[in-house]
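In: got a predicted model here, sequence first, then my questions.
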Amino acid sequence: MDTGTLAAKPDSVIKPQKLSHGTCMVGDLKRSRKFYREFLGLEVVRHGERAMMFRLNTGMHVVCVEFPADRLWDMHVMHHWGVDVESREAVDAAYQAAKAQQEKWGIKKVQKPVMQHGVYSFYIQDFDNNWWEIQHAHEQHERSFARGDIVNMDD
């Protein structure tokens, strides 16, 4: 196992302290805030005139920047945000809720739950074209980093 991949490299060009944030675009901060809080269960704070942040149980957060709705990009499902839930049953319940409340929340697409890349999950695309993966990963993240590289990345 290459333990050098498990932590920031001390000889890297950038000397990072932590991974702090990512960004996404939204067409209506108020509508998106309601969806993030009431449907996805995220912590949300408005920190600027055209921006807000969300997070959940981590030091990392996502900054949402408001753009005119007609200028939002059509995102690919592989560019998504992951939300972990406690069990496969919770994934199934979230899927049923997403299907039942699709119109209420303006959810554009709801894909069926499947086992993939070591987790049980499904994807939804919200009204801002952002994709969300609702998953039960049961320590998959920790196990992956503890295991290290499984594919040789040497030149």
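Out: Ah, there it is.
In: which residue ranges form the strands in this protein?
Out: 21-26, 43-48, 51-55, 61-66, 80-84, 109-110, 114-116, 119-125, 131-136 (DSSP state E).
In: let's have these in TSV, adding mean neighbour count and distance to Ser12.
Out: No exception for glycine: its C-beta is placed from N, CA and C like everyone else's. TSV is the format used below for those (neighbours: other Cβ atoms under 10 Å; distance: least, Cβ to Cβ, whole Å):
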stretch	mean neighbour count	distance to Ser12
strand 21-26	16	19
strand 43-48	13	29
strand 51-55	17	25
strand 61-66	18	23
strand 80-84	16	25
strand 109-110	16	38
strand 114-116	11	31
strand 119-125	21	29
strand 131-136	22	29
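In: now these in TSV, with mean pLDDT and distance to Phe35?
Out: Shown next, in TSV, are these (pLDDT from 0 to 100; distance: least, Cβ to Cβ, whole Å):
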stretch	mean pLDDT	distance to Phe35
strand 21-26	94	9
strand 43-48	96	10
strand 51-55	97	10
strand 61-66	95	11
strand 80-84	93	12
strand 109-110	98	14
strand 114-116	94	24
strand 119-125	96	10
strand 131-136	95	10
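In: now render the ones you listed as a markdown table, adding distance to Asp74.
Out: What follows is these, written out as a markdown table (distance: least, Cβ to Cβ, whole Å):
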| stretch | distance to Asp74 |
| --- | --- |
| strand 21-26 | 11 |
| strand 43-48 | 24 |
| strand 51-55 | 21 |
| strand 61-66 | 17 |
| strand 80-84 | 13 |
| strand 109-110 | 11 |
| strand 114-116 | 22 |
| strand 119-125 | 9 |
| strand 131-136 | 10 |
